[in-house]
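> Here is my input, please return the structure:
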Amino acid sequence: MLLVFGLATLASITMSRATPGADFVHPWLLKQALACGIGFVGLIAVASLDYRRLEQLVWPIYVLSIVLLALVLTPLGTNNKGAQRWLWGTQPSEFAKLALILSLAWFSVRFQHRMATFTGGILGMGVIAFPLLALIVIEPDKGTTLLLGAVTVALMLVGGALWAHVMVPVVVGLAAFTLLLSVPGYARDRVQAFLNPEDNKALTYQVDRGLDAFGAGGWHGTGFGRGTHKFKVPEVHTDFILPAVGEELGLPATLGVVLGFAIILFCGALVAHWAADGFGMVLAAGITFVIGLQALVNLGVVTHLLPNKGMALPFMSRGGTGTVVLLTMIGLLISIARQAEMRAAETASGLTRNPFGDADTDFPE
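From the prediction side, this is the model:
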């Protein structure tokens with residue numbers, strides 16, 4: 001449903017930008033549809049496999065992600081609007097989300113006996129997360145850095161770290177964020193614009209136009225393809241795609257998007273709860289946190305409940321790399337759920353397994 005809303009809204013946004021007689025569809029729409037197709041291939045492929053096989057690939061994926069993030073900062077990377085985040089048409093920071101979740105899940109399970117200690121639960125997982133976060137913040141991409149930092153803290157708790165220990169990185173992170181905002185720059189200006197919107201009309205222009213689009217749509221919406229306020233919203237095809245949905249399809253469609261994410265979060269929590277092992281539990285929790293927090297930040301920004309931060313709305317905003325990675329994550333959730341069902345079926349049938357993985361037929365349960 002979210003993908004359909006996203007593609008339909010992108011089609012509505014781009015139909016007036018297509019060149020008559022040259023473009024059957026706008027290249028943006030074509031590329032996003034292609035990304036959805038590739039993402040579904042990844043979803044099906046991952047969902048059909050046993051997710052536990054990924055334990056052998058955790059560190060190759062982690063190292064590859066580090067290398068790609070480092071290459072972004074070289075002349076091979078592409079700079080756009082003051083940020084160098086792209087490499088050969090892809091955004092490696094999206095791959096880093098999956099690499100971070102996999103590596104933290106692997107560590108928390110492999111060193112479960114040490115997760116209750118500060119060295120294991122905090123320093124161990126912090127050492128894994130730091131290189132990824134450092135390379136992303138240098139790009140700069142402060143929003144993704146904060147997102148993955150929050151996911152790291154959440155997985156520390158899920159993995160077994162103590163609340164008292166987790167407060168240390170939380171305090172350090174908040175102090176670093178406060179220091180970052182104290183330095184003159186775009187990040188501080190956005191926070192000041194959020195706190196004093198009347199004094200910073202230039203920086204609140206995007207949010208104001210988004211709210212105008214929501215208001216123009218009202219309850220019933222203006223009708224698909226009939227919205228006009230959407231063209232006044234900067235980056236309406238990426239970070240601010242939800243106001244276009246609200247303008248043309250009305251409040252029910254907007255609430256339907258929120259409900260869609262709520263369902264994903266609920267199902268993700270169930271999958272994590274019923275996972276067959278600790279690796280699957282932490283992995284499912286991490287995926288659910290990433291999708292949920294990213295959606296929450298985007299929804300908060302477009303409704304002016306949070307300071308403006310360029311963060312895509314999962315499954316809907318234009319962005320090929322993010323769409324492919326997110327759909328692959330959904331495939332992992334399905335794989336974890338399938339393995340849990342298989343384990344439950346084996347238990348119900350009385351078939352137990354020995355530590356070597358073969359069916360134990362010598363001693364009935």
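
> so how far is V127 from the nearest residue to R114 once chain neighbours are set aside?
For R114, ignoring the flanking residues on the chain, the nearest one in space by C-beta to C-beta, 6 or more residues apart in numbering is G120 at 3.0 Å. Every C-beta, even on glycine, is put in place using the N, C-alpha and C of the backbone. Going from G120 to V127 by C-beta to C-beta, to the nearest Å gives 11 Å.

> ok, now V301?
Relative to V127, and taking C-beta to C-beta, V301 is found at 31 Å.

> Now do the strands in the protein.
Using DSSP state E, the strands of the chain run over 77-80, 83-87.

> neighbouring contacts of the first one?
By C-beta atoms under 8 Å, 6 or more residues apart in numbering, the list of residues contacting strand 77-80 from outside reads L71, Q84, R85, W86, L87.

> if we go to 6 Å?
With contacts defined as C-beta atoms under 6 Å, 6 or more residues apart in numbering, strand 77-80 is touched by Q84, W86, L87.

> Between G120 and V127, which is the more surrounded one?
G120 (20 against 10; other C-beta atoms under 10 Å).

> I'd assumed F111 was in contact with the more buried one.
Yes - look at G120 against F111 with C-beta atoms under 6 Å: they come within range, at 5.3 Å.

> Looking at the residue nearest to R114 now. What's its pLDDT?
Looking at G120, its pLDDT is 81.

> mind saving the C-alpha coords of stretch 86-99 as CSV?
What follows is stretch 86-99, C-alpha atoms only, in CSV (Å, rounded to 0.1, in the frame of the first residue of the first chain):
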residue,chain,number,x,y,z
TRP,A,86,26.4,9.5,-3.4
LEU,A,87,28.7,6.9,-5.0
TRP,A,88,28.0,5.7,-8.6
GLY,A,89,24.4,6.7,-8.3
THR,A,90,23.8,4.9,-5.0
GLN,A,91,23.8,6.1,-1.4
PRO,A,92,26.1,3.9,0.7
SER,A,93,24.6,5.2,4.0
GLU,A,94,21.5,3.2,3.2
PHE,A,95,23.5,0.0,3.0
ALA,A,96,25.2,1.0,6.3
LYS,A,97,21.8,0.7,8.0
LEU,A,98,21.6,-3.0,7.2
ALA,A,99,25.3,-3.6,8.0
